[in-house]
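J.: need coordinates for the following:
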Amino acid sequence: MKHTSSRRHFQLSLLALPWALGTTLAQAHGDTHGKTAGPVVKEQKPWGIAAEPGKAQRTLEILMTDDMKLSPSHLNVREGETLRLRAINKGKVMHEIVIGTSAELAEHAEMMKKFPAMEHDEPYMAHVPPGKRGDIVWTFNRPGDFEFACLIAGHFEAGMRGTIRVAPKA
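T.: Next up, the predicted model:
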């Protein structure tokens with residue numbers, strides 16, 4: 001009897017596993033798409049590292065629209081430069097900006113299709129409600145070609161993405 005009960009508990013646990021994993025993955029990015037108060041979490045990424053807002057050397061505005069466009073769609077940056085990327089949502093639906101490598105953004109976009117309610121709270125992301133703006137303050141301390149995109153389900157696939165070229169120090 002105990003063996004059957006243990007097996008049934010195991011089977012029920014397996015049935016709950018996809019739900020539990022989905023919940024864990026969805027919560028892995030935090031409970032809000034906005035920035036939380038407190039110190040900036042600084043973790044070196046291939047495309048750079050987060051910076052304090054007061055360190056921004058210049059501000060670049062990126063307009064997001066419901067026709068799935070980002071403007072400008074290409075940014076030129078110098079290695080070592082700290083920028084404030086100000087994402088301005090001119091549309092009527094939620095948009096976001098996420099910085100990363102082409103492969104990482106594509107992988108994350110696929111995950112967003114599976115978990116559309118996934119929320120973000122990383123310093124290289126800004127989730128922006130309609131008519132609002134969000135800032136990313138980032139030091140591009142690695143040269144190379146990177147991307148930024150809206151990873152809300154369907155937006156990335158519709159072409160809502162841009163490129164960042166970080167030129168090496170001379």
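J.: what residue is smack in the middle of this protein?
T.: A centroid search over the chain (Cα atoms, centre = their mean) returns Val98, at 3.4 Å, as the residue closest to the centre.
J.: for the protein, just list every one of the strands.
T.: 49-50, 58-65, 69-71, 74-78, 81-89, 95-100, 125-128, 133-140, 144-149, 161-167 (DSSP state E).
J.: strand partners of the fifth one, parallel vs antiparallel please.
T.: Within its sheet, strand 81-89 is paired with strand 58-65 (parallel), strand 133-140 (antiparallel), according to DSSP bridges.
J.: same question for the shortest one.
T.: Strand 49-50 has the following strand partners under DSSP bridges: strand 133-140 (antiparallel).
J.: just want the angle from the partner strand to strand 144-149.
T.: 170 degrees (axes from the mean of the first three to the mean of the last three Cα atoms, to 10 degrees).
J.: and for strand 133-140, what are the contacting residues?
T.: Under the criterion Cβ atoms under 8 Å, 6 or more residues apart in numbering, residues 34-35, 40, 47-53, 55-56, 77-89, 96-97, 99, 123-128, 164, 166 lie in contact with strand 133-140. Where C-beta positions appear, they are placed from N, C-alpha and C, glycine not excepted.
J.: filter those residues down to the buried ones, ChimeraX style.
T.: To isolate the buried subset of the contacts of strand 133-140 in ChimeraX, counting by 16 or more other Cβ atoms under 10 Å, use the following:
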select :34,35,47,48,49,50,51,56,77,79,81,82,83,84,85,86,87,88,89,96,97,99,123,124,125,126,127,128,164,166
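J.: got the domain boundaries for the chain?
T.: According to automatic domain parsing, the chain comprises the domains 1-29, 31-167.
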